[in-house]
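>>> Just to be clear, the model below is a prediction. Sequence and coordinates:
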Amino acid sequence: MKILFATSEALPLIKTGGLADVSGSLPPALQQHGHDVRLVLPAYRAALAACTDLQAVASLELTGSTAPVRVLEGRLPGTQVGLYLIDSPRHFDRPGGPYSSTDGRDWPDNPERFALFARAVCALALDQANTAWRPDLVHCNDWQSGLVPALLSLQPQRPATVFTIHNLAYQGLFSWETFQRLELPYDLWSLHALEYHGQMSFIKGGLAFADRLTTVSPTYAQEICTPEFGYGLEGLLNYRAAVLTGILNGVDYSVWDPATDALIARHYSATDLAGKADNKAALQRHFGLPEDRNVPLIGMVGRLVEQKGIDLVVAVLARLMRNAVQLVVLGSGQPQYEQALRGAADHYAGLGVVIGYDETAAHLIEAGADLFLMPSRFEPCGLNQLYSLRYGTLPVVRRTGGLADTVVDAGSSGRGAAQATGFVFDQASPEALHTCLRRALAHYGSADAWTRMIKRAMRQDFSWQRSAEQYLALYRDAIEQNA
């Protein structure tokens with residue numbers, strides 16, 4: 001198959017979240033199965049800086065740009081995956097991130113930027129760029145490429161389309177005036193197309209028109225069909241439920257594996273756990289905590305926002321820190337939670353907090369902690385719990401989205417011990433989180449059972465190869481339907 005993978009971010013070119021991990025890992029995994037996969041994303045300043053040997057292979061006259069838009073071709077760094085960068089300096093060559101400026105505010109011309117990107121993707125998909133390559137299927141991701149399936153639906157001869165929802169909370173909502181300004185076909189302004197309560201919704205373009213819909217875990221695929229998680233789109237998603245599939249994200253084990261990780265203090269594996277204690281000591285030193293190999297150490301990495309359940313963590317801190325326990329937190333987010341954690345760190349000797357993000361510290365937390373905390377209110381897939389499993393750092397998670405699909409609860413009083421890989425609670429409340437943490441700490445006291453659970457967690461396989469096989473089966477179905 002010839003597959004064009006359209007995304008707004010991809011490692012190692014540019015990243016704001018899990019979409020970049022997926023876009024940097026899934027295309028190489030698909031290629032390893034023998035398929036011709038090419039990645040397309042905007043030519044951001046950071047992406048151009050990360051690439052070498054780019055060549056201009058096409059010049060496009062597109063609605064939304066007064067200047068020709070170049071298509072630059074190369075390879076995704078570190079892989080053999082073909083790469084197209086859509087080069088429109090007025091839209092993409094600027095400081096800051098892919099969606100916002102250096103002060104964190106969304107670029108006001110985001111609808112123009114990603115409408116232009118969508119039109120360029122469509123030109124590639126229809127071989128209007130004269131690259132002598134026409135894909136069998138275009139795989140689009142999140143709202144930034146949501147217009148692609150909608151625009152392709154108007155073409156009599158088009159490739160099949162797949163649209164993946166990574167987080168339905170972000171929908172690309174803009175005004176009716178914006179729709180007019182983008183000069184989109186008026187056929188797309190209707191309840192059955194892009195119109196959403198008087199606004200235009202980029203993500204509806206994917207949801208309404210793609211041949212197949214996917215999201216990043218089976219449980220999240222069910223959750224987004226409910227009012228609680230559907231953000232007003234649950235009706236459309238239920239209508240299209242027959243073509244909606246949940247496929248778990250994978251892990252790049254060449255980056256996240258304690259047996260080879262260059263960022264941790266000492267390598268270890270499921271057959272030789274000795275190095276985990278050295279990483280624990282290194283983690284305690286890194287966060288300025290007393291070195292004690294026997295005290296249970298809990299780690300947390302992520303955005304300090306209510307979606308991630310940080311308010312629950314703050315609410316139980318006083319009770320948790322009464323125990324012989326240590327906690328390290330790495331992340332940034334809402335100011336009130338940053339301030340609460342800084343204040344608590346000044347008060348509790350066993351609490352270490354770093355506001356911000358540091359890749360080395362993130363790897364060290366995965367390797368050195370005993371438990372990893374993810375009390376998310378919703379989590380489409382989640383990656384840190386998958387990293388934690390491979391590192392033998394048992395996850396404490398809420399039963400939602402991909403967390404529910406990947407962590408097997410140890411139960412209480414030994415129940416579930418034969419399959420357990422972590423600890424799961426149901427209600428998004430401080431009481432439920434505290435009860436689960438107490439249960440996890442009680443299990444920590446049983447050394448032999450704890451070691452068995454660690455080894456079981458480390459043997460779990462969430463590689464991209466497994467996920468890629470599921471995507472390939474889906475692609476074949478979509479192409480056959482579109483034939």
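Structure's in. What do you need?
>>> any idea where the helices of the stretch 351-483 of the chain begin and end?
Assigned by DSSP state H, counting those that start in this stretch, the helices in the stretch 351-483 of the chain fall at 359-368, 384-390, 401-406, 430-444, 447-458, 464-482.
>>> for the third one, packing partners?
With contacts defined as 3 or more C-beta pairs under 8 Å, 6 or more residues apart in numbering; DSSP states H and E, the secondary structure elements packing on helix 401-406 are helix 218-223, helix 384-390, strand 394-398. Heads up, the C-betas are built off the backbone N, CA and C, glycines and all.
>>> Could I get the buried residue list for that helix?
Neighbour counts over helix 401-406 (16 or more other C-beta atoms under 10 Å) mark G401, G402, L403, A404, D405, T406 as buried.
>>> Show me what counts as buried in stretch 316-335.
In stretch 316-335, counting by 16+ other C-beta under 10 Å, buried: V316, L317, L320, M321, V325, Q326, L327, V328, V329, L330, G331, G333.
>>> quick one: the helices in the stretch 201-350 of the chain?
202-209, 218-223, 227-230, 234-239, 274-286, 310-320, 335-347.
>>> ranking the ones you listed by burial, who's on top?
helix 202-209 (a mean of 25; mean count of other C-beta atoms under 10 Å).
>>> Between the helices and strands packed on helix 401-406, which one is closest to S101.
Using C-beta to C-beta as the measure, helix 384-390 is the one of the helices and strands packed on helix 401-406 that comes nearest S101, at 27.6 Å.
>>> chain center to that closest one, what's the gap?
Offset of helix 384-390 from its chain centre (C-alpha atoms, centre = their mean, to the nearest Å): 14 Å.
>>> Please apply the same query to stretch 246-265.
With C-alpha atoms, centre = their mean, you get 14 Å for stretch 246-265.
>>> can I assume H363 is in contact with L263?
Yes: H363 is within contact range of L263, at 3.9 Å (criterion: C-beta atoms under 8 Å).
>>> between the two, who's got more neighbours?
For H363 versus L263, the count of surrounding residues by other C-beta atoms under 10 Å is larger for H363: 22 against 15.
>>> quick check: domain ranges of the protein?
As assigned by automatic domain parsing, the chain contains the domains 2-250+464-482, 274-458.
>>> For W256, which of the ones you listed is the nearest?
domain 274-458 (4.7 Å).
>>> Adding distance to G299 and mean pLDDT, write the helices of the stretch 351-483 of the chain out as a markdown table.
Converted to a markdown table, those look like this (distance: least, C-beta to C-beta, whole Å; pLDDT from 0 to 100):
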| stretch | distance to G299 | mean pLDDT |
| --- | --- | --- |
| helix 359-368 | 4 | 96 |
| helix 384-390 | 8 | 97 |
| helix 401-406 | 16 | 96 |
| helix 430-444 | 13 | 96 |
| helix 447-458 | 14 | 95 |
| helix 464-482 | 24 | 95 |
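>>> Which of these sits closest to F179?
Of all these, helix 464-482 comes closest under C-beta to C-beta, at 26.8 Å.
>>> out of the helices of the stretch 201-350 of the chain, which comes closest to P380?
Per C-beta to C-beta, nearest to P380 of the helices of the stretch 201-350 of the chain: helix 218-223, 4.6 Å.
>>> hey, C-alpha coordinates of that closest one in PDB?
What follows is helix 218-223, C-alpha atoms only, in PDB (Å, rounded to 0.1, in the frame of the first residue of the first chain):
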ATOM      1  CA  PRO A 218     -10.700   0.700  22.700                       C
ATOM      2  CA  THR A 219     -12.200   2.200  25.900                       C
ATOM      3  CA  TYR A 220     -11.800   5.800  24.700                       C
ATOM      4  CA  ALA A 221     -13.700   4.800  21.500                       C
ATOM      5  CA  GLN A 222     -16.600   3.800  23.700                       C
ATOM      6  CA  GLU A 223     -16.300   6.900  26.000                       C
END
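>>> Give me the contacts around it.
Residues outside helix 218-223 that contact it (C-beta atoms under 8 Å, 6 or more residues apart in numbering) are 214-215, 229, 244-248, 378-381, 400-402, 404-405.
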